[in-house]
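In: sequence first, then the predicted structure:
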Amino acid sequence: MKRHAIVFWVAAALAVLGFLFMLLDQPLNLIKMLLIPFLVFGVVFLLFKYQPGRGKSRKAPKIKPSARTMEKVAAAKKTHTAGKRKHYPFQVIEGSKGKNDDQQPKYH
């Protein structure tokens with residue numbers, strides 16, 4: 001673990017020295033070299049901060065329902081919550097073929 005830390009700090013020191021020598025020797029080239037990464041980082045940051053197509057979408061104006069509609073909704077909620085089971089208008093119709101008790105499982 002200590003060996004990895006030494007390698008990291010040596011590489012960091014060499015990077016700082018190279019940066020300082022380039023800054024003292026050719027400051028305009030350093031600025032040109034760092035300009036593109038900073039611009040790319042800035043554009044990506046702005047895209048994350050102000051995501052296009054999100055937020056400022058036009059929403060339809062909210063329409064207030066009439067009193068009659070609200071009564072219908074309230075009545076539907078009361079009947080739905082009052083009963084535990086729903087009643088469907090379906091019923092099972094026995095088929096015309098005869099039942100064969102031998103093929104029917106005992107437990108089902």
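Out: Thanks, I have it.
In: where do the strands sit along the chain?
Out: Remark: no strands are assigned in the chain by DSSP state E.
In: burial measure for residue 22, as a count.
Out: Using other CB atoms under 10 Å, residue 22 has 14 neighbouring residues. (Glycine included, C-beta is placed from N, CA and C.)
In: mind listing what it touches?
Out: With contact taken as CB atoms under 8 Å, 6 or more residues apart in numbering, residue 22 is in contact with 29, 30.
In: now the helices for this protein?
Out: 2-25, 27-49, 67-82 (DSSP state H).
In: can I get these in CSV with mean pLDDT and distance to residue 97?
Out: Shown next, in CSV, are the helices of the chain (pLDDT from 0 to 100; distance: least, CB to CB, whole Å):
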stretch, mean pLDDT, distance to residue 97
helix 2-25, 92, 79
helix 27-49, 90, 67
helix 67-82, 78, 39
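In: how about a markdown table for those helices, with distance to residue 89 added?
Out: Shown next, in a markdown table, are the helices of the chain (distance: least, CB to CB, whole Å):
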| stretch | distance to residue 89 |
| --- | --- |
| helix 2-25 | 74 |
| helix 27-49 | 54 |
| helix 67-82 | 15 |
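In: these: which one's closest to residue 61?
Out: helix 67-82 (16.9 Å; CB to CB).
In: can you dump the C-alpha atoms of that closest one in PDB for me?
Out: What follows is helix 67-82, C-alpha atoms only, in PDB (Å, rounded to 0.1, in the frame of the first residue of the first chain):
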ATOM      1  CA  ALA A  67     -70.000  20.500  -9.100                       C
ATOM      2  CA  ARG A  68     -72.000  17.800 -10.900                       C
ATOM      3  CA  THR A  69     -68.800  16.000 -12.000                       C
ATOM      4  CA  MET A  70     -67.400  16.200  -8.500                       C
ATOM      5  CA  GLU A  71     -70.500  14.600  -7.100                       C
ATOM      6  CA  LYS A  72     -70.200  11.700  -9.600                       C
ATOM      7  CA  VAL A  73     -66.500  11.200  -8.600                       C
ATOM      8  CA  ALA A  74     -67.400  11.300  -4.900                       C
ATOM      9  CA  ALA A  75     -70.200   8.800  -5.400                       C
ATOM     10  CA  ALA A  76     -68.000   6.500  -7.400                       C
ATOM     11  CA  LYS A  77     -65.300   6.600  -4.600                       C
ATOM     12  CA  LYS A  78     -67.900   5.800  -1.900                       C
ATOM     13  CA  THR A  79     -69.300   2.800  -3.700                       C
ATOM     14  CA  HIS A  80     -65.900   1.500  -4.500                       C
ATOM     15  CA  THR A  81     -64.500   1.700  -1.000                       C
ATOM     16  CA  ALA A  82     -67.700   0.500   0.700                       C
END
